[in-house]
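1. Give me a 3D structure for the following:
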Amino acid sequence: AASKGLKLTQGGGCLPPGAGHKGRALDTATMQNRPGDLNAGLLSDDHQLQITSSRLQETERMTAETEAIGASILGELRGQREQLEGARDTLDDAHQNLNAGQRMIRRMLARTLADKLILVFTVFMLLALIGLLLWYQLSGKKH
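-> Numbering: from 1, shown residues only. Okay, here's the model as predicted:
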């Protein structure tokens, strides 16, 4: 466009010579008089639209991919949460079983102690009875 006497603006529009500092673009009548310039501008706009569209499609693809990855991660985290909850339940059951086992062992120790005391008392009583019988027999033979 610059080779045909038009200046490009920052926004991509065309200005006629001498209009650059005032910021006025070509009007429709002037552009119709120069069909080649119009086609070049439209092709440039079409090219920009294609670039923008491809960037938008790439962004949409990346967004969909990110969502899929996020959903996958959420699924994995959900599975790990269920595993942790199952492990916690198993640990709670094991803790309850250990507590029950400790109570049972304490009862068994108490019974064992009681049995030992009964056994010691029985042995002591038997020894006392044997001693009494011996004394009675030995003392009875002297009379």
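2. and stretch 57-65, average pLDDT?
-> For stretch 57-65, the per-residue pLDDT values average out at 96.
3. Distance of L91 relative to T59?
-> In this view, L91 and T59 are 46 Å apart by CB to CB, to the nearest Å. The way it works is simple: take the backbone N, C-alpha and C, and place the C-beta from them, glycine included.
4. quick one, strands of this protein?
-> Assigned by DSSP state E, the chain shows strands spanning 7-8, 14-15.
5. which residues of this structure score low on pLDDT?
-> Along the chain, segments meeting pLDDT under 70 span 1-43, 141-143.
6. State which helix of it is the longest.
-> Determined from DSSP state H, the single longest helix within the chain is helix 35-142.
7. Which neighbouring elements make contact with that one?
-> Under the contact definition 3 or more CB pairs under 8 Å, 6 or more residues apart in numbering; DSSP states H and E, helix 35-142 sits against helix 28-32.
8. now do 7 Å
-> Contact here means 3 or more CB pairs under 7 Å, 6 or more residues apart in numbering; DSSP states H and E; on that basis helix 35-142 packs against no helix or strand.
9. separation between G86 and G79?
-> Taken as CB to CB, the span from G86 to G79 is 11 Å.
10. shared neighbours, those two?
-> Taking CB atoms under 7 Å, 6 or more residues apart in numbering as the criterion, G86 and G79 do not both touch any residue.
11. Kindly tell me how buried L134 is, as a neighbour count.
-> Neighbours of L134 under the rule other CB atoms under 10 Å: 10.
12. One more: the one 4 residues further on?
-> When counting by other CB under 10 Å, one arrives at 9 neighbours for L138.
13. before we move on, what about S44?
-> When neighbours are defined as other CB under 10 Å, S44 has 15 of them.
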